[in-house]
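Engineer: Sequence first, predicted model second:
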Amino acid sequence: MLYGHTLVYRGGDIIGYFHMPLFFLLSGLFFKPYTLKEFLRHKARGLYVPFLAYEMSFLLLRNFFYESGMYTTAEWSWMHPITTLSYLLTEISHILLFDNVDELLATLWFVTVLFLASICWWWISRWFKSTSAKLVVLVFLYSLSCALKPLLILDWPYNLHSIVSTTLMAIVFYGMGNLCGEYGIIGRVKVYCSNHPLPILELVLLGCLLLFRHMGLQADMRSSTYSIPFLFWIASLAGSFFWLMFIYRIYTYCQTRLPVLNTLMDHTGRWSFHFMALQFLAMKAFNFVYIEVYGIDWSHLGDFGVVSVAHIGGRCIALLMTMAICYLAAKGIHLARNKVVNFR
């Protein structure tokens, strides 16, 4: 996700085919049938509370970010400084109702959707016991999500028009993840990769993704944009399994040769919420340094992603620096949280 948002290299559109479907699929893979009370408590602690913490913190910093020029470009033109009590209370009400209000935290849209999708799947798994019945429900929800696309032109309160359509699609991938978990898909991926040292299947799946890109497939779960809905389903699964096998091969390779990389991957997984929340702020930090070093116009501080860099070396440096800033910030927050917990 961070790679796609930096806009530093070609291929971000291919990542868009599967990075969010894979996220919901992996979330469903670890679905556990708690009681409803335990399930809600678990999701509130893991999703709602961190969401509130980040949104409220950024709301307090809104005027500073605004005056710094972080919202000056077209993508952020709807952002306004906090000037009245009524506007402040309105923003707080949106946050309390799980509605993302700060564009620097735009990536947290998935938190609301994941919260709703997981609860919906909890009910579906209770009502429908057989795998075939669950698959029928998933196909129906997928079709319904695509059919609701015309309703996105309506201006529903609290962004409900987008949340409903996106949540329906998220339930599909969340449920597929749960079914894959019951099927033991992770174990099967490990066995396949162990028995087939040459990544032939991965190359086939990557070829499918490149073919879909050549066909002009466009996919964006957040805006429920699917130029060819049926192909999106295929592309999302092809990309998801390509990435699972690709990462597993890297992980096993690094176990003995580059253990430090595995450690970084483990930390990234545990601190994924912080990475999601801090990535745009990390990009602004990189833009600030780039503007200072090269003396370009300050209006570029508000650019979406990182400042456009012409050569590929600069693009790679931009990506690595952004990831490093995210990693260090996430580690700092993690350590501070542990100290607070230990102090208590």
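Structural biologist: Right, received. Where do you want to start?

Engineer: count of residues packed around residue 17?
Structural biologist: Neighbourhood size, residue 17 [other Cβ atoms under 10 Å]: 26. (C-beta placed from N, C-alpha, C; glycine too.)

Engineer: ok, it - contacts?
Structural biologist: 209, 212, 217, 219, 232, 235-236, 238-239 (Cβ atoms under 8 Å, 6 or more residues apart in numbering).

Engineer: Using TSV, please lay out these together with neighbour count, secondary structure and distance to residue 296.
Structural biologist: Formatted as TSV, these follow (neighbours: other Cβ atoms under 10 Å; DSSP: H, G, I helix; E, B strand; the rest coil; distance: Cβ to Cβ, whole Å):
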residue	neighbour count	secondary structure	distance to residue 296
209	22	helix	35
212	23	helix	36
217	20	coil	35
219	25	strand	33
232	25	helix	38
235	26	helix	37
236	27	helix	38
238	21	helix	40
239	24	helix	35
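
Engineer: Where does pLDDT dip in the stretch 201-344 of the chain?
Structural biologist: 223-225, 267, 303-316, 318, 340-344 (pLDDT under 70).

Engineer: if we can go back for a sec, what's the closest of the contacts of residue 17 to residue 325?
Structural biologist: Closest approach to residue 325 among the contacts of residue 17 (Cβ to Cβ): residue 239, at 26.7 Å.

Engineer: any idea how far the nearest residue to the closest one once chain neighbours are set aside is from residue 290?
Structural biologist: Residue nearest to residue 239 in three dimensions, not counting chain neighbours: residue 18, with 2.6 Å by Cβ to Cβ, 6 or more residues apart in numbering. From residue 18 across to residue 290, the span is 30 Å (Cβ to Cβ, to the nearest Å).

Engineer: What of residue 88?
Structural biologist: Counting by Cβ to Cβ - residue 88 and residue 290 are separated by 33 Å.

Engineer: Please say which of the two ends up with more neighbours.
Structural biologist: residue 290 (22 against 13).

Engineer: burial count for residue 243?
Structural biologist: 18.

Engineer: can you give me the strands for the chain?
Structural biologist: 219-220, 225-226 (DSSP state E).

Engineer: Can I get these in CSV including distance to residue 262?
Structural biologist: Shown next, in CSV, are the strands of the chain (distance: least, Cβ to Cβ, whole Å):
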stretch, distance to residue 262
strand 219-220, 31
strand 225-226, 35
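
Engineer: so which of those gets nearest residue 264?
Structural biologist: Comparing the strands of the chain under Cβ to Cβ, the one sitting nearest is strand 219-220, at 28.6 Å.
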